[in-house]
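Enquirer: Generate coordinates for the sequence data below:
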Amino acid sequence: QVQLVESGGGLVQAGGFLSLSCAASGRYAMGWFRQAPGKEREFVAGIHWSGDGTRYADSVQGRFTITRDNSKNTVRLQMNSLKPEDTAIYYCSARTGSRWASTNPYDYDYWGQGTQVTVSS
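Expert: Purely as a prediction, here's the structure:
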């Protein structure tokens with residue numbers, strides 16, 4: 001059973017920054033997704049099993065950065081220049097069937113509990 005524990009999140013003003021962290025019980029391709037009220041869960045960023053390869057949603061490209069520390073099995077999402085539309089619950093996810101991150105949430109097998117990010121205008 002894969003366990004994912006998220007930390008970080010909170011309330012920040014527009015233009016500010018936040019960092020999310022996800023501790024996994026093993027090493028996997030990892031993704032961050034988010035879900036705002038009344039909306040579907042959407043891909044934010046993903047990182048290859050090795051760390052050599054990342055992908056981002058167009059909406060966060062250039063503002064968010066995903067990294068990983070394989071010695072600690074942790075993945076970090078650094079979020080800069082935050083906008084009110086970034087407000088959502090953010091979920092960490094692990095994909096066990098491939099070493100490549102995917103933008104499709106159905107390709108991920110395990111999910112964290114979610115952490116709230118609120119950006120005020």
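
Enquirer: For residue 85, which three-state class applies?
Expert: Assigned with DSSP: H, G, I helix; E, B strand; the rest coil, residue 85 falls in the helix class.

Enquirer: check contacts around it.
Expert: 59, 119 (CB atoms under 8 Å, 6 or more residues apart in numbering). In short, each C-beta sits where N, CA and C put it, glycine included.

Enquirer: My understanding was that residue 107 contacts residue 94; is that so?
Expert: No. Contact criterion CB atoms under 8 Å: residue 107 and residue 94 do not qualify, at 10.6 Å.

Enquirer: which of those two has more neighbours?
Expert: For residue 107 versus residue 94, the count of surrounding residues by other CB atoms under 10 Å is larger for residue 94: 23 against 17.

Enquirer: My guess is residue 92 contacts residue 112. True?
Expert: Yes. Assessed by CB under 8 Å, residue 92 is found in contact with residue 112 at 3.9 Å.

Enquirer: so what pLDDT did residue 69 get?
Expert: pLDDT for residue 69: 97.

Enquirer: separation between residue 16 and residue 51?
Expert: Per CB to CB, to the nearest Å, residue 16 is found 27 Å from residue 51.

Enquirer: now swap in residue 80 and tell me
Expert: Residue 80 is 20 Å from residue 51, by CB to CB.

Enquirer: Who does the spatially most central residue of the chain form a beta bridge with?
Expert: Nearest residue to the geometric centre of the chain (CA atoms, centre = their mean): residue 32, 2.3 Å. Beta bridges link residue 32 to residue 45, residue 92 when assigned by DSSP bridges.
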